[in-house]
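Trainee: here is my input, please return the structure:
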Amino acid sequence: MGDAKRRKEQGTPESKRIVSWLPLTTTQSEDFVRVSTQGAWIGIGLLVFAWLMVRLIGPSFGWWQLAG
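Mentor: Prediction:
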């Protein structure tokens, strides 16, 4: 028996809505928090990499000189 057919027969539990009039479920809100947290860490990593590039990597390869 296929997975979808079995779930249909068993009845999948529906996610509870955050607010009754808002079409967002608790699962969707948890996914949003997970994705936004992951995106924030990626942004922090890119910021650190850009800072290292400007302060250390670029001047050491002679791509530019720091004014100061």
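Trainee: okay, CA-based contacts and neighbour counts for the rest of this
Mentor: Noted.
Trainee: which element is Trp63 on?
Mentor: When elements are assigned from DSSP states H and E, Trp63 belongs to no helix and no strand.
Trainee: ok, it to Leu47 distance?
Mentor: 19 Å (Cα to Cα, to the nearest Å).
Trainee: with neighbour numbers in mind, choose between the two.
Mentor: Applying other Cα atoms under 10 Å to Trp63 and Leu47 shows that Leu47 carries more neighbours, namely 12 against 9.
Trainee: got a list of what that one touches?
Mentor: Contacts for Leu47 (Cα atoms under 8 Å, 6 or more residues apart in numbering) come out as none.
Trainee: strands along the chain, start to end?
Mentor: With strands called from DSSP state E, the chain shows none.
Trainee: shaky segments in it?
Mentor: For the chain, the stretches flagged by pLDDT under 70 are 1, 11-14.
Trainee: so which residue is smack in the middle of it?
Mentor: Compute the mean C-alpha point of the chain, and by Cα atoms, centre = their mean the closest residue is Val35, 2.8 Å away.
Trainee: quick check: that residue vs Leu24, distance?
Mentor: Plainly put, Val35 is 16 Å away from Leu24 if you go by Cα to Cα.
Trainee: next one: Gly58
Mentor: 46 Å.
Trainee: all the helices of this structure, residue numbers only.
Mentor: 3-10, 26-52, 58-60 (DSSP state H).
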